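Participant: Predicted model and sequence follow; I will ask about them next.
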Amino acid sequence: MEGYHKKPRPKKSALVSGRQPLVEALRGGKPIDKILMQKGASGEAITIIRQLATERNIPVQYVPIEKLNAVSRGNHQGVIAYTAAIQYQELQQVISFVIEKGETPLFLILDSITDVRNIGAIARSALCLGVQALIIPDKGVAPLQEDAIKSSAGALENILVCRVNSLMKAVDELHLNGIRVFASEMTASNLLSACDFTLPCAIIMGNEEKGVYPALLKIADEQFKIPMTGDFESLNVSVATGIILYEVQKQRSDTTLP
């Protein structure tokens with residue numbers, strides 16, 4: 001990985017229909033967002049597609065043929081793929097890349113954030129405030145397609161994005177690389193300013209209604225909350241992310257931010 005690559009993106013989400021075209025697209029490294037596969041589909045090409053999808057952490061959704069027919073009127077042969085607007089990266093490769101550049105890792109883990117506008121706003125703040133990569137699950141998150149890119153003002157095209165099949169495993173991988181994991185949780189006892197963000201770290205941001213998944217909270221190294229006055233329940237997740245990242249950069253900066 002030589003640097004942060006800006007990838008050209010299609011104006012609309014494009015489709016790859018048919019077994020052999022999809023096999024060729026996967027083998028050729030074409031970015032794929034997700035695959036729709038007919039329930040009960042079988043055959044050599046289907047086996048290859050499943051294997052390649054697993055290797056590249058591409059989610060496969062098994063659907064009735066009516067769903068496929070509604071998406072494409074062409075000869076889909078029981079399989080349709082949505083091409084991705086961005087190129088996803090491998091987490092370990094990104095960790096190594098950041099460390100080799102001499103930077104202190106700062107990653108954001110997005111847990112169950114389903115609003116594309118929030119994803120876009122988070123990406124903008126992340127890019128402006130020193131985050132090297134976003135880590136997202138392959139399911140349960142807003143698709144990073146045209147609407148998300150538009151709401152991010154192009155930030156999603158200029159920040160690294162790692163898609164993983166398990167956020168739990170991603171946290172384990174971060175720990176193995178000496179990266180401390182923090183979780184934003186409004187019921188935590190520690191305040192944001194009490195955390196040491198000068199260390200290599202990743203910050204988990206959760207769904208506004210449910211917060212961070214309980215199992216992720218358990219394996220996080222530390223939980224914190226943003227101090228607030230009044231009795232209003234919570235901040236918008238993108239606003240909260242901006243506040244948190246400002247504190248991170250305030251701690252990491254040699255001079256006090258204005």
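Facilitator: Received it, and whenever you're ready, just let me know what you need.
Participant: Determine the set of other helices and strands touching the helix or strand encompassing residue 109.
Facilitator: Using DSSP states H and E, residue 109 maps to strand 106-111. On a contact count with 3 or more CB pairs under 8 Å, 6 or more residues apart in numbering; DSSP states H and E, strand 106-111 meets helix 116-128, strand 133-137, helix 167-176, strand 201-206. From N, CA and C alone the C-beta is placed, and that goes for glycine too.
Participant: got the angle between the longest one and strand 201-206?
Facilitator: In this case it means helix 116-128. Between helix 116-128 and strand 201-206, the angle comes out at 160 degrees (axes from the mean of the first three to the mean of the last three CA atoms, to 10 degrees).
Participant: what does the second one give?
Facilitator: Using the same axes, to 10 degrees, one finds that strand 133-137 and strand 201-206 are set 40 degrees apart in direction.
Participant: Alpha carbons of strand 133-137, in CSV - could you do that?
Facilitator: Extracted C-alpha coordinates of strand 133-137, given in CSV (Å, rounded to 0.1, in the frame of the first residue of the first chain):
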residue,chain,number,x,y,z
ALA,A,133,-9.2,4.6,8.7
LEU,A,134,-12.8,3.8,9.4
ILE,A,135,-13.6,0.2,10.4
ILE,A,136,-17.1,-1.1,9.5
PRO,A,137,-18.8,-4.4,9.7
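Participant: The strand holding residue 109: partners in the sheet, and parallel or antiparallel?
Facilitator: strand 133-137 (parallel), strand 201-206 (parallel) (DSSP bridges).
Participant: Could you tell me how far that strand lies from the centre of the chain?
Facilitator: In terms of CA atoms, centre = their mean, to the nearest Å, the centre of strand 106-111 is found 7 Å from the chain centre.
Participant: Just the residues contacting that strand, thanks.
Facilitator: Applying CB atoms under 8 Å, 6 or more residues apart in numbering, the contact partners of strand 106-111 are 119, 122, 126, 130-137, 141, 167, 170-171, 174, 179, 181, 197, 200-207, 212-213, 216, 241, 248.
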